[in-house]
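1. model the structure of this input:
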Amino acid sequence: MSFNGFPRRVRSTPVPNPVFGPLLEQIHDMDELKLTLRLVWLLHRKRGYPRSVTLSELEADHVLARALPETGGDYRRRVRLALDKAVARGTLACDVPSGGSDGERVYALNTEGEARAPAGMASSRTGRDHERKSEAPNGPVERPNIFALYEDNIGMLSPMIADELREAEELYPAEWIEEAFREAVENNVRAWRYVARILERWEREGRSDGKRGRYPKEAGHYKEFFRR
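-> Predicted coordinates for the structure are as follows:
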């Protein structure tokens, strides 16, 4: 399967320069390199401080699972070995909450700020905060996968639509995508083109007030067009 190139408005993820310098020279294990790059992307999508990713998040990550073929051995074991190598190299910092299970390990980039706050990485997942970890500022906001949103609200996926969904997932925040699907359903227009136009409009005009974006007076015309 070939890569079709980067879309016109592709978003970028900041990557620390050493990844393209000394680390690129030092890392010879492909699992470690792929995991490091994926973890940088996952951390970039986090909010709050310190930003961290749990072991269970990495083990459940579908992109990472596809990047590490099954032919190379047990997937979870390979993830843990790659993490151990990245920690030993000094790329990542790891913290294990006291009394927590192995699945609650948390990882962050070994930067000056993040590495000085290992207790903060763990505290949001232990003690009284454990029961409301979804509200923790550095915890993942669990949102439906874009493919699940499509299948639940529109219908069966086709290869062409799947490509468009992957592009949209890179272009727009997860909360925008979820809200755009919700708006389409409320307007009784179950078509991906309609959802895509909502996202394009928000990108063009902004959505900083936190209110739902709405098409102007010609919305009725759009509804009829997208039902065809």
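2. quick one, domains of the chain?
-> 17-135, 146-226 (automatic domain parsing).
3. closest to Arg11 out of the ones you listed?
-> Smallest distance to Arg11 across these (CB to CB): 5.7 Å, for domain 146-226. Using the backbone N, CA and C atoms, a C-beta is placed for each residue, glycine as well.
4. thinking again about what came up before, wait, which of the domains of the chain is closest to Pro7?
-> Of all these, domain 146-226 comes closest under CB to CB, at 4.9 Å.
5. ok, back up a step: out of the domains of the chain, which is closest to Phe6?
-> domain 146-226 (9.0 Å).
6. ok so, going back, possible to save the domains of the chain as TSV with distance to Asn4 and mean pLDDT?
-> As requested, these are exported to TSV (distance: least, CB to CB, whole Å; pLDDT from 0 to 100):
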stretch	distance to Asn4	mean pLDDT
domain 17-135	17	77
domain 146-226	7	77
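7. now these in TSV, with mean neighbour count and distance to Phe3?
-> TSV is the format used below for the domains of the chain (neighbours: other CB atoms under 10 Å; distance: least, CB to CB, whole Å):
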stretch	mean neighbour count	distance to Phe3
domain 17-135	16	13
domain 146-226	15	11
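8. need the ones you listed in a markdown table with distance to Gly5, can you?
-> Output for the domains of the chain, formatted as a markdown table (distance: least, CB to CB, whole Å):
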| stretch | distance to Gly5 |
| --- | --- |
| domain 17-135 | 19 |
| domain 146-226 | 11 |
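9. for those, which one sits closest to Ser2?
-> Of the domains of the chain, nearest to Ser2 by CB to CB is domain 146-226, at 12.2 Å.
10. now the helices for the chain?
-> Ranges of helices in the chain, per DSSP state H, are 22-26, 30-44, 55-59, 62-67, 75-89, 112-115, 118-123, 146-153, 159-171, 174-186, 192-205, 219-226.
11. ok, and what's touching the second one?
-> To tie it back to what came earlier, the one meant is helix 30-44. Applying CB atoms under 8 Å, 6 or more residues apart in numbering, the contact partners of helix 30-44 are 13-16, 19, 23, 27, 51-53, 57-58, 61, 63-64, 67-68, 72, 78-79, 81-83, 85-86, 89, 91-92, 107-109.
12. one more: the fourth one?
-> Contacts made with helix 62-67 from outside it, assessed by CB under 8 Å, 6+ apart, are listed as Lys34, Leu35, Arg38, Leu58, Tyr75, Val79, Asn145.
13. redo that, cut-off 10 Å
-> Outside helix 62-67, the residues that touch it by CB atoms under 10 Å, 6 or more residues apart in numbering are 30-31, 33-35, 37-39, 41-42, 57-59, 61, 75-76, 78-79, 82, 145, 147, 166.
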